[in-house]
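Novice: coords below, sequence missing:
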């Protein structure tokens, strides 16, 4: 990838996968997210940028209802996935999360073997009918995550024994194995060295062909490198949302310009 | 000077050492603490330590050595046949010390002058001492009295030397510390060395004590096996100690009772404790947890005797009337099931509280990872959280098992004292610990196999729990799933 081609990078897909309208989040007394409207496109990498505490991770966690596990969080507004309201009482968050996978900031492999880590999702969702099919899923997922060549001889070794970058790619393979439609990534490279970061970024670009990827990042270079669309959050509000090239070259809002030129943040 | 007084003086010297050394350090640094190698208080502590510690060590050694030296000098005063046997010798010297102490206290209270005490004759000692409140068991032999007089003399001289030497050592240490003190002197490193030694001592005390316990039990057990055939003890199927001798002291019925009761108690404690822990750690909200967890832990504070009463008056009759009698399995109020249930209840808070801590310690990121893949809460708990917590939970269960094996009071009151090999859990049975108590508290003399068997039982119990712990470590190593 070459970020010099930033401006020419076009969005190939116009179809919205997730649409959010008037989303508000409160953590107890704190108003963490104010009135966010956004449409996330299918088969596109969308980056959320903004200073710490701006609400970007909070919004990401709304998209697969991970905020449900936080007792004090209250979510209002409407978020739809393929037109279906995900906060509808008839929707089971468990089923939703099978469609909207998540990769976390810190690599969190389960204390199991590499194979079991990847096979975990397919097993609980019954995606494989036989052992051979499961092996197949594990292999393709690890290949997609660019980890297969490094671990194919030691699939029975514990996932926690891998290096940090390998662990994060294992977590991506684990999320990919569940065959999600959307992949949420919460600062997936913040614990990685530059080489591992480059590998993960390359991977994200490849994943775009199959999923819609939403990535939260602190690194504006990363957002510029991997995404087609960028949303800038500040103090709980969505300030600006548009094509990455436009956000980084001709931002409309003075706050966006101040942030990307390093004056706030 | 008495030991207490010497210690007081040492305390004062240590205080003086602190103040003097600190002052000298500050004075040499011109009042500027930054020019010292160590902080000023370290110089003070160094002064205290040098004044008190060598003197105290010397005092401790003196206290141990002095009676040994005196006794070896006094044993020459007795005819050889009186001091040949070890126990007779111990008794004799106990007498000597008691007479000497009696004379001392008689003089101290003014009932006798020092001259009178020295000139006392053997026939009158007992009456004279009885008049001053010191009771002697038997008439005093002339040799004993002479030895006691000699003992007094030696002890007085020894005490004097002790005082002089200890105080001299303390003052010398203090002076040396003050001489060393200066801005370049590395007081902190020395003080830290002493603290390190103290920490190491603390960590070895438990180990050394265990070694001591094992050795003492081993020596008594070896005496037991000298009197009773070892194969009859380990493979004997009957336990029937008789006070006239000719006892059958087979371990197996007791071992069976112990393991049976432990098994039943674990069948009660592990599921209940573990489910309670899972509920508290994963499902209960904070307010429920804040109330329920301390309430469960209250059980751990109830003395086991009270649990024994509960077994005796409540659980025992309930089990007998509602289960054992209707099914025709037994009619005894004391049974393995009764003791097992009550010990199980006793162990619930152990397992639940420890497991709860362990489950709570599993990183939230693992739960998020699992939930983020669309796993349900139940799948997350059983497939991610519990495997991650397993080594700790096994540890908690084994701790509880060791407690169940060692439990005595509940078994005495709940399962009875009848040693038998029986599969029926509604029969009375008994355990190793109960029999250790009853053999040691009996009226038999100490040297009989009926009493010494307690030590063999004790060491068997020790070996069982040791094996259990080794097994636990092995399990934990094998199945450890490390996180972070």
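Specialist: Cool, got the structure. This structure is a prediction, so every number in the text was calculated from the model and none was measured.
Novice: so which strand or helix has residue A:38?
Specialist: strand A:30-41 (DSSP states H and E).
Novice: correct me if wrong: residue B:130 contacts residue B:136.
Specialist: Yes: under the contact definition of CB atoms under 8 Å, residue B:130 touches residue B:136, with a separation of 7.3 Å. From N, CA and C alone the C-beta is placed, and that goes for glycine too.
Novice: these two: who's more crowded?
Specialist: residue B:136 (16 against 12; other CB atoms under 10 Å in any protein chain shown).
Novice: for the most centrally placed residue in chain B, helix, strand, or coil?
Specialist: The centroid of chain B falls nearest to residue B:209 when counting by CA atoms, centre = their mean (7.7 Å). Under DSSP: H, G, I helix; E, B strand; the rest coil, residue B:209 falls in the helix class.
Novice: residues of the stretch 1-150 of chain A that sit close to chain B?
Specialist: For the stretch 1-150 of chain A, the residues in contact with chain B (CB under 8 Å from any CB of the partner chain) are A:64, A:66, A:69, A:71, A:94-99, A:101-104, A:106, A:108-112, A:120-121, A:124-125.
Novice: residue numbers of the stretch 151-265 of chain A in contact with chain B?
Specialist: A:158, A:160, A:171, A:174-175, A:178.
Novice: reformat the residues you listed as JSON lines; add pLDDT and secondary structure.
Specialist: Shown next, in JSON lines, are those (pLDDT from 0 to 100; DSSP: H, G, I helix; E, B strand; the rest coil):
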{"residue": "A:158", "pLDDT": "88", "secondary structure": "strand"}
{"residue": "A:160", "pLDDT": "87", "secondary structure": "helix"}
{"residue": "A:171", "pLDDT": "93", "secondary structure": "helix"}
{"residue": "A:174", "pLDDT": "93", "secondary structure": "helix"}
{"residue": "A:175", "pLDDT": "92", "secondary structure": "helix"}
{"residue": "A:178", "pLDDT": "90", "secondary structure": "coil"}
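Novice: by neighbours, which of these wins?
Specialist: Counting by other CB under 10 Å, top hit in these: residue A:174 with 31 neighbours.
Novice: you'd agree that residue is up against residue A:124?
Specialist: No: the criterion here is CB under 8 Å, and residue A:174 misses it with residue A:124 at 11.6 Å.
Novice: for the record, mean pLDDT for stretch B:394-410?
Specialist: Stretch B:394-410 comes out with an average pLDDT of 88.
Novice: circling back to that earlier point, how about the strand holding residue A:38: buried residues?
Specialist: A:32-34, A:36, A:38-41 (16 or more other CB atoms under 10 Å in any protein chain shown).
Novice: show me where pLDDT drops low in the stretch 151-265 of chain A?
Specialist: Within the stretch 151-265 of chain A, the segments meeting pLDDT under 70 span A:264-265.
Novice: I'd guessed residue B:409 sits against residue B:308; true?
Specialist: Yes: with contact defined as CB under 8 Å, residue B:409 counts as touching residue B:308 (4.5 Å).
Novice: pick out whichever of the two has more residues nearby.
Specialist: More crowded of residue B:409 and residue B:308, by other CB under 10 Å: residue B:308, with 22 against 19.
Novice: show me what contacts residue 211?
Specialist: No chain in the question, so chain A it is. Neighbour list for residue A:211: A:43, A:180-183 [criterion: CB atoms under 8 Å, 6 or more residues apart in numbering or on different chains].
Novice: these: which two are farthest apart?
Specialist: A:43 and A:180 (12.9 Å; CB to CB).
Novice: with neighbour numbers in mind, choose between the two.
Specialist: Ranked by neighbour count (other CB under 10 Å), residue A:43 and residue A:180 place residue A:180 first, with 24 against 18.
Novice: list phi and psi for that one.
Specialist: phi -80, psi 170 (degrees, to the nearest 10).
Novice: quick check: it touching residue A:99?
Specialist: Yes: counting by CB under 8 Å, residue A:180 sits close enough to residue A:99 to count as a contact (5.7 Å).
Novice: between these two, which contacts overlap?
Specialist: Residues touching both residue A:180 and residue A:99 (CB under 8 Å, 6+ apart): there are none.
Novice: which phi and psi does residue A:241 have?
Specialist: phi -140, psi 130.
Novice: ditto for residue B:370
Specialist: phi -70, psi -50.
Novice: hang on, it packs against residue B:379?
Specialist: Yes: Residue B:370 lies in contact with residue B:379 (CB under 8 Å); the separation is 7.0 Å.
Novice: so residue B:88 sits in a helix?
Specialist: Yes: secondary structure of residue B:88 (three-state DSSP): part of a helix.
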